[in-house]
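Q: got a predicted model here, sequence first, then my questions.
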Amino acid sequence: MRKLERKKAWLNDIPVAKYEQPIHSPILEIQNVSFGYPDKQATLNNVNLTIHRGEMVSIVGANGTGKSTLGKLICGFEKPISGTLLFNGKNGNNDSLKMRGEQVGFVLQNPNQMFSKHIVQEEVGLGLLHKEVSPDEVKLRVEQTLKVCGLYPFRNWPISALSYGQKKRLSIAAILVMEPSILLLDEPTAGQDYKHTTELMTFLESLQTQGITIILITHDMHLMTEYTKRAIVLSGGQIIADDSPAKILANTELIERANLKQSSLHALATTLHITDHERFVEKFIQFDREVRLNEQ
Ligand SMILES: Nc1ncnc2c1ncn2[C@@H]1O[C@H](COP(=O)(O)OP(=O)(O)OP(=O)(O)O)[C@@H](O)[C@H]1O
Ligand SMILES: [Mg+2]
């Protein structure tokens with residue numbers, strides 16, 4: 001078979017997985033939300049977004065477009081100037097930080113900023129001390145969470161002895177023990193190598209299968225494509241696309257407008273004279289996923 005025909009056959013032997021609206025109910029609805037820091041122009045401008053229970057969604061965009069600010073509004077660290085955030089259909093605009101924290105867990109970029117205890121299991125139990133939870137239940141929930149996060153064998157270790165990847169999982173454990181229904185992670189894999197990234201993302205995928213809704217704020221186009229079926233593109237404080245990552249990457253005009261980094265897959269498709277970039281990206285990612293799963 002000629003090279004070109006082989007390429008075409010490879011490309012055509014899978015159905016393209018299109019992003020379809022999940023049938024699950026909305027867990028978070030952001031309606032006409034605008035926000036600006038004091039003495040600054042509007043940072044977020046009329047944002048509308050619905051996230052469904054159990055989804056894993058990425059929020060992407062260039063530096064300074066308002067991704068982390070949107071995260072702060074979702075977590076209740078900031079309040080919208082106008083518009084509404086609904087959680088499970090209920091207006092959450094007047095939620096206290098504590099109430100919001102029970103629904104949304106925010107994992108900061110740098111795990112070291114999140115620890116205040118010395119020993120692993122003490123850190124995980126810390127958030128529960130301020131709640132009306134019996135000591136027996138604290139113990140049980142801490143143990144379960146440590147097991148889910150693969151940290152149970154290290155429960156009596158000093159945090160300083162953990163690797164970076166383990167610390168990242170510990171920062172997630174300290175949030176998960178509070179049983180939030182939405183987990184929001186700001187640049188979760190920044191500064192981590194391929195192995196740690198794969199480990200962390202596989203772990204997040206396992207949380208998602210347990211019904212936790214996951215929102216990833218990321219600069220990493222590969223992460224967006226490989227692990228999420230839906231991506232929200234922010235530009236200048238507005239949502240300019242809400243689609244499957246492959247479709248977003250195939251849209252050159254959108255990539256330029258949002259100042260996103262073009263994926264190397266796009267360049268490869270051009271070199272190979274493949275015109276259907278969306279299908280190529282989907283196919284490549286599917287292939288990559290299979291290789292990764294076989295390696296585990
Ligand atoms: N606490 C703050 N006070 C005033 N302005 C802020 C504050 N935090 C962020 N900003 C400004 O708001 C805008 C959006 O910032 P934000 O951190 O949300 O962007 P981002 O998309 O997360 O960027 P990055 O990709 O660099 O993390 C930027 O112009 C930033 O300078
Ligand atoms: Mg940011």
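A: On my side now, so go ahead. Ligands and ions are numbered 1, 2, ... in the order given.

Q: what are the ranges of the strands in this protein?
A: 26-35, 44-52, 56-60, 82-87, 90-91, 104-107, 182-186, 213-217, 230-235, 238-243 (DSSP state E).

Q: show me what counts as buried in the lengthiest helix in the chain.
A: Across the chain, the helix with the greatest residue count (assigned by DSSP state H) is helix 277-295. For helix 277-295, burial by neighbour count (16 or more other C-beta atoms under 10 Å) applies to 277-285. For the C-beta atoms, the positions are set from N, CA and C on the backbone; glycine is no exception.

Q: reformat the strands of the chain as a markdown table; add distance to Q192.
A: Below are the strands of the chain laid out as a markdown table (distance: least, C-beta to C-beta, whole Å):
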| stretch | distance to Q192 |
| --- | --- |
| strand 26-35 | 27 |
| strand 44-52 | 25 |
| strand 56-60 | 16 |
| strand 82-87 | 30 |
| strand 90-91 | 36 |
| strand 104-107 | 13 |
| strand 182-186 | 12 |
| strand 213-217 | 13 |
| strand 230-235 | 20 |
| strand 238-243 | 27 |
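
Q: count of neighbours near K147?
A: Using other C-beta atoms under 10 Å, the number of residues around K147 comes to 13.

Q: any idea how far it lies from E102?
A: As judged by C-beta to C-beta, to the nearest Å, K147 and E102 stand 22 Å apart.

Q: for whichever residue of the stretch 101-250 of the chain sits closest to ligand 1, grab phi and psi.
A: Ligand 1 sits closest to H219 of the stretch 101-250 of the chain, with a gap of 6.2 Å, by C-beta to the nearest ligand atom. Per-residue torsions, H219: phi -100, psi -10 (degrees, to the nearest 10).

Q: and the nearest residue in space to Q262 that is not next to it in sequence, how far is that from L223?
A: Leaving aside its sequence neighbours, Q262 sits nearest to I255 (C-beta to C-beta, 6 or more residues apart in numbering; 5.5 Å). I255 sits 16 Å away from L223, going by C-beta to C-beta.

Q: what helices or strands is the longest helix of the chain leaning on?
A: For helix 277-295, the packing partners by 3 or more C-beta pairs under 8 Å, 6 or more residues apart in numbering; DSSP states H and E come out as helix 3-12, helix 221-227, helix 245-250, helix 264-271.

Q: give me whichever of the ones you listed is most buried.
A: Counting by mean count of other C-beta atoms under 10 Å, helix 245-250 has the highest mean neighbour count of these, with a mean of 25.

Q: what helices or strands is it leaning on?
A: On a contact count with 3+ C-beta pairs under 8 Å, 6+ apart, helix 245-250 meets helix 221-227, strand 230-235, helix 252-257, helix 264-271, helix 277-295.

Q: format the ones you listed as a markdown table; extra columns: mean pLDDT and distance to I212.
A: Shown next, in a markdown table, are these (pLDDT from 0 to 100; distance: least, C-beta to C-beta, whole Å):
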| stretch | mean pLDDT | distance to I212 |
| --- | --- | --- |
| helix 221-227 | 88 | 14 |
| strand 230-235 | 95 | 16 |
| helix 252-257 | 88 | 29 |
| helix 264-271 | 76 | 29 |
| helix 277-295 | 75 | 20 |
